[in-house]
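1. take this sequence and fold it.
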Amino acid sequence: MYISILIAVVLGVYAQDIAYFLYNNLAMPLMVSLSIATIFSILLFLSPPILISKLNKKHIVGEKGFNIYFGINILIGIIISAFSLIVLVAWCG
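-> Reported below is the predicted structural model:
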């Protein structure tokens, strides 16, 4: 689950660079690739809390660990997702 947060951070922060890379190498439209990177970043931030809450119901993860993981994920997710959405809106004009 930690890898999904890392991938989400990379997609969120470098979405613009990824869009240019896909445009130069695969001729993918810039807005499409930027939108895809932003959407995947947000989805990857949303999926771990859902999975960890299911594990917490089975008492695999302790309450303290769940709260720490959930808090860090939410904090980083809000910041990175807000940045990605601002970049996407700025590209729209």
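2. tell me the spacing between Ile7 and Tyr14.
-> In this view, Ile7 and Tyr14 are 11 Å apart by Cβ to Cβ, to the nearest Å. Just so you know, the C-beta spots here come from the backbone N, C-alpha and C atoms, and that holds for glycine as well.
3. and Ala19, how far from Ile86?
-> Counting by Cβ to Cβ, the gap from Ala19 to Ile86 is 15 Å.
4. buried ones in the lowest-mean-pLDDT helix or strand in the chain?
-> Every helix and strand in the chain was compared by mean pLDDT, DSSP states H and E; the lowest is helix 30-57, with a mean of 87. Within helix 30-57, the residues that count as buried by 16 or more other Cβ atoms under 10 Å are 33-38, 40-42, 44-45, 48-49, 52, 56.
5. then stretch 64-83?
-> In stretch 64-83, the ones that count as buried by 16+ other Cβ under 10 Å are 66, 69-70, 73, 77, 80-81.
6. re the thing from before, now for the least confident helix or strand of the chain, which elements pack on it?
-> helix 2-13, helix 15-26, helix 63-92 (3 or more Cβ pairs under 8 Å, 6 or more residues apart in numbering; DSSP states H and E).
7. give me every residue that touches the residue nearest the centre of the chain.
-> Residue closest to the mean C-alpha point of the chain, counted by Cα atoms, centre = their mean, is Ser41 at 2.6 Å. Residues near Ser41 by Cβ atoms under 8 Å, 6 or more residues apart in numbering: 8-9, 11-12, 15, 80-81, 84.
8. off-centre distance for stretch 72-84?
-> 8 Å (Cα atoms, centre = their mean, to the nearest Å).
9. which other residues reach that stretch?
-> For stretch 72-84, the external contacting residues (Cβ under 8 Å, 6+ apart) are 5, 8-9, 11-13, 15, 37-38, 41-42, 45-46, 48-49.
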